[in-house]
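Undergrad: The sequence isn't on hand, but the structure is:
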């Protein structure tokens, strides 16, 4: 298992007139946590893409437990529960400043050749970085 | 069962550098289809909110089947599969101009008193409009 | 002068906790009006891009006069005040359902070769479609 | 003059199919820089709002000089050039990691009573914090 914590601040533009973070902003938060999780491994999603592998999303599940509010400093735990094969799973837990779990989600990502747009298995570069966490 | 079809055009700002609609835009598309589905019943989400009921999202599931592209005219079928009680379920199917199913999703919505912020059952106004479809 | 009116509906996700449309959504509204204005000429921005010309934005000015609200049906007048050379100007006026002018803006767009990423003059295809309006 | 530097990372969802940050994302970047600039004064925009003063935007000007790219770590300099009266001006300069100025902008903000929705002058709390910079 590989896990990483990322913090981000809720923007005013992320709220809606209910006074909560609009439900469509969580995928963006997940992306930020995912990108920082990968960066913490010593590579970047940008490098993966430049080396020829795009990672389109195949699935997303979100459970909205409590609202996030403007200016909240959220902590997002992004977890890779298993070594990716043709699918890479990311699981997320979002906590507010009081440590309350307010949101849970999951993404399935694929690996797509940037030129041929065909789906392939996880690139060696990524597997190499993740392997030490799945001993 | 109540079902409604809504069409929308993909904006340039909805795409990302992969050349596809960014995965975080689908919740916005769902919201548009949901709002128009409710409008077709002869009420509006705005009226529901003004009458004291906000509808926060409790869950979302999305299956990304094929990418949506810039300027695609998408058709979103929004379905209410059962008469809402404490939860209102919306299911979505998105088709591109060729009639290909490219995305499927589901939302669970709650009913929240705008003042007390407490959860309650579906307001009578909404039930009355939906009932003829669940006879 | 070439002018076109486009209508759009304010989404819930476009509002913020002030209860107004967040100021960052207007560029998206302008884009929608711009794209439909070009479509009304018998070409699409997508075709322009496929024929090799991207149109990055060089400048934007916005005057926020009155707030737009959730579910408002806005009318956006997009105007091309002069035949484009190296710069294409779009001017926008947004009216609410009561016909009140609530927002004014302007964009300067450039023409960029999609491959070389060099700036060039307006493509012949676009000029040909616009010329009849600037006699 | 009061000035503050804020750093942020470009998200994948902020790019468009041109491969650049979509022009509609800059107002969000400005907001983040503005909020952090105010926080550095020892108050927050959230506190200002809770004390009864909302700050709607009246004007925005943006000059897009060079594109921002995915994963760029941008530095945004937010400057308050004069002590606010009925209008608060924020000026922004965005630099990429190479130190190149890629974007310049300006906002005029108003002060609006959260209850009456009437425009008033800058609240004493904000003036008090800013005054030392305008000696």
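TA: Good, I have the coordinates. Only a predicted model underlies this, so the values are computations on that prediction, with no experimental measurement involved.
Undergrad: quick one: contacts for the residue sitting furthest away from the middle of chain A?
TA: The C-alpha centroid of chain A is most remote from residue A:17, which lies 26.4 Å away (Cα atoms, centre = their mean). Counting by Cβ atoms under 8 Å, 6 or more residues apart in numbering or on different chains, residue A:17 touches C:12, C:15-19, C:70. For the C-beta atoms, the positions are set from N, CA and C on the backbone; glycine is no exception.
Undergrad: between those residues, which is nearest residue A:95?
TA: residue C:17 (21.3 Å; Cβ to Cβ).
Undergrad: What strand or helix carries the closest one?
TA: Of the helices and strands defined by DSSP states H and E, none includes residue C:17.
Undergrad: next one: phi and psi at it?
TA: With angles defined as degrees, to the nearest 10, residue C:17 shows backbone torsions of phi -70, psi -10.
Undergrad: Distance of it relative to chain B?
TA: According to Cβ to the nearest Cβ, to the nearest Å, residue C:17 stands 13 Å off from chain B.
Undergrad: Grab the nearest non-local neighbour of the residue farthest from the centre of chain A.
TA: residue C:15 (4.2 Å; Cβ to Cβ, 6 or more residues apart in numbering or on different chains).
Undergrad: Around that neighbour, how many other residues sit close by?
TA: With neighbours defined by other Cβ atoms under 10 Å in any protein chain shown, the count for residue C:15 comes to 23.
Undergrad: repeat for residue A:104
TA: Neighbour tally, residue A:104, other Cβ under 10 Å: 15.
Undergrad: Surely it is within a helix?
TA: No: if the criterion is DSSP: H, G, I helix; E, B strand; the rest coil, then residue A:104 is strand and not within a helix.
Undergrad: Spit out the contact partners of the residue nearest to it when sequence neighbours are not counted.
TA: Spatial nearest neighbour of residue A:104, chain neighbours left out: residue A:63 (4.6 Å); criterion: Cβ to Cβ, 6+ apart. Contact analysis of residue A:63 by Cβ under 8 Å, 6+ apart lists A:103-105, B:58-59.
Undergrad: Point out the other elements, helices or strands, that the lengthiest helix in chain A touches.
TA: For chain A, the helix with the greatest residue count under DSSP state H is helix A:26-39. With contacts taken as 3 or more Cβ pairs under 8 Å, 6 or more residues apart in numbering or on different chains; DSSP states H and E, helix A:26-39 sits against strand A:2-9, helix A:45-50, strand A:57-64, strand A:73-80, strand A:87-95, strand A:101-113.
Undergrad: That one versus strand A:73-80: what angle between them?
TA: Relative orientation of helix A:26-39 versus strand A:73-80 (axes from the mean of the first three to the mean of the last three Cα atoms, to 10 degrees): 60 degrees.
Undergrad: Let me know the average pLDDT across helix A:26-39.
TA: Average pLDDT, helix A:26-39: 98.
Undergrad: Over to stretch A:100-108?
TA: 98.
Undergrad: Mind picking the two most distant members of the contacts of residue A:17?
TA: Most distant of the contacts of residue A:17, by Cβ to Cβ, are C:12 and C:18, 13.9 Å apart.
Undergrad: hmm, back to that, Throw the helices and strands packed on helix A:26-39 into TSV and include distance to residue B:126, thanks.
TA: What follows is the helices and strands packed on helix A:26-39, written out as TSV (distance: least, Cβ to Cβ, whole Å):
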stretch	distance to residue B:126
strand A:2-9	35
helix A:45-50	42
strand A:57-64	20
strand A:73-80	32
strand A:87-95	30
strand A:101-113	26
